[in-house]
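Trainee: Please find the sequence and the predicted model below.
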Amino acid sequence: MANSTLLSLFQTTLQGMGVASYGNPATVIANTNQDVVQTLALTNIAGQELLRQHEWQQSSKQLIFEASYYTYTGDTTSGSTSLTNMSSIASLDVTFSPAGTNIPQDTVIASAPAGTTVVMNQEATGTATTVSITFSKVLFAMPDDFDRMIDYTQWDKGKHWNMLGPLTAQQREWLRSGYISTGPRIRFWQMGGYFQIWPPLGANEVLSYEYVSKYWILATAPSTPAPTKQLYTVDTDTCMFPDQLMRAVIKLKYLEVKGFDTTAAYRDYTMQLDNAKAMDAGSANLSFAPQPSTVLIGWGNIPDSNYGS
């Protein structure tokens with residue numbers, strides 16, 4: 001059953017609370033009644049807080065993206081941050097890391113390439129002409145609706161194993177120093193609004209992760225069941241949370257700001273929240289059997305028949 005629109009939710013909730021000043025509002029968004037205006041603000045705040053209470057299935061998303069890789073030629077000059085006479089700068093931007101003769105480790109493009117020049121964030125260690133330079137994409141912008149990462153969902157789909165991370169600042173600097181070999185596994189972290197990987201890849205690779213969207217409002221007559229907004233903006237908006245939970249949290253928020261006793265309201269809210277979490281997804285199966293490796297050979301990656309064919 002579809003959840004109530006904002007207007008319907010307010011009408012049933014406010015009537016149940018018995019607040020005389022509300023009456024039976026014909027609109028919420030355009031209403032000038034101070035209690036309605038205040039309760040709408042509290043409702044938007046409550047929805048954003050509920051989003052952080054659980055990894056709700058309806059707000060969980062998967063992002064699949066490609067770690068691009070290009071090889072061009074250019075000149076390096078000792079003590080200069082510029083790569084000149086580039087054979088091409090197609091598709092390059094500040095999310096790429098160059099590698100090649102005279103280019104220090106942990107170098108990235110510092111500014112948007114122009115003409116036949118690429119500016120790095122570090123100086124070249126020597127002078128050479130027409131050297132082969134590889135550019136690997138190492139920074140990936142987070143989605144516009146990104147709220148938070150879902151743990152243990154970061155995967156290297158090409159090599160069929162999970163990425164390692166998120167790394168701490170100390171671990172990142174240790175890897176970038178070059179003192180240790182990273183091996184074939186991709187490391188990752190979030191910094192500066194980007195999902196970052198290390199080491200730079202030498203071929204196009206498909207990567208993925210899952211995240212929780214910051215959207216919890218569904219627009220009028222949505223074409224998909226996925227929320228598309230952070231706030232109620234029209235009376236016909238609905239939200240992804242059950243009506244019972246929304247009514248309970250609206251009442252709790254209202255009583256809190258008015259200075260009334262919230263003991264019973266809080267008890268009802270926690271019960272409705274627990275129910276919503278329990279009904280959002282099935283419980284995981286518990287097994288006391290030994291678990292196979294997630295990387296090496298095990299029952300999870302051996303076919304039922306025709307093994308070796």
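Mentor: Yep, it's here.
Trainee: how near is the nearest residue to residue 194 once chain neighbours are set aside to residue 238?
Mentor: Nearest non-adjacent residue to residue 194, counting by CB to CB, 6 or more residues apart in numbering: residue 139, 4.2 Å away. In this view, the C-beta of every residue, glycine as well, is placed from N, C-alpha and C. Here the distance between residue 139 and residue 238 works out to 36 Å (CB to CB, to the nearest Å).
Trainee: which one of the two has more residues nearby?
Mentor: residue 238 (22 against 18; other CB atoms under 10 Å).
Trainee: Next, the contact list for that one, please.
Mentor: 2, 3, 4, 5, 6, 217, 218 (CB atoms under 8 Å, 6 or more residues apart in numbering).
Trainee: Quick check, pLDDT for it.
Mentor: Residue 238 carries a pLDDT value of 94.
Trainee: Then residue 194?
Mentor: 96.
Trainee: wait, isn't it in contact with residue 137?
Mentor: No. Counting by CB atoms under 8 Å, residue 137 is not a contact partner of residue 194; they are 10.6 Å apart.
Trainee: was I right about residue 82 contacting residue 119?
Mentor: Yes. Look at residue 82 against residue 119 with CB under 8 Å: they come within range, at 5.5 Å.
Trainee: where do the contact lists of residue 194 and residue 137 overlap?
Mentor: With CB under 8 Å, 6+ apart as the test, residue 194 and residue 137 both reach residue 95.
Trainee: The two: which has the busier surroundings?
Mentor: residue 137 (22 against 15).
Trainee: Next up, the contacts around that one.
Mentor: 66, 67, 68, 69, 95, 96, 97, 201.
Trainee: what's the spacing between the closest residue to it other than its chain neighbours and residue 121?
Mentor: Counting by CB to CB, 6+ apart, residue 137 lies nearest to residue 68, which is 4.4 Å off, once chain neighbours are set aside. Distance of residue 68 to residue 121, computed by CB to CB: 19 Å.
Trainee: what does residue 26 give?
Mentor: 59 Å.
Trainee: Next one: residue 256 relative to residue 266, how far apart?
Mentor: For residue 256, the distance to residue 266 - CB to CB - is 9 Å.
Trainee: now residue 68
Mentor: Residue 68 is 51 Å from residue 266, by CB to CB.
Trainee: Can you show me the helices along the protein?
Mentor: Along the chain, the stretches classed as helices by DSSP state H are 6-17, 34-51, 169-176, 243-258, 263-280.
Trainee: of all those helices, which lies closest to residue 126?
Mentor: Nearest to residue 126 among the helices of the chain is helix 169-176 (20.6 Å), distances taken as CB to CB.
Trainee: Export the closest one to PDB, keeping only CA atoms.
Mentor: Provided in PDB are the C-alpha atoms of helix 169-176 (Å, rounded to 0.1, in the frame of the first residue of the first chain):
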ATOM      1  CA  ALA A 169      45.400   9.000   6.500                       C
ATOM      2  CA  GLN A 170      48.400   7.300   7.900                       C
ATOM      3  CA  GLN A 171      47.900   4.200   5.800                       C
ATOM      4  CA  ARG A 172      47.400   6.300   2.700                       C
ATOM      5  CA  GLU A 173      50.700   8.100   3.200                       C
ATOM      6  CA  TRP A 174      52.500   4.900   3.900                       C
ATOM      7  CA  LEU A 175      51.300   3.400   0.500                       C
ATOM      8  CA  ARG A 176      52.100   6.600  -1.400                       C
END
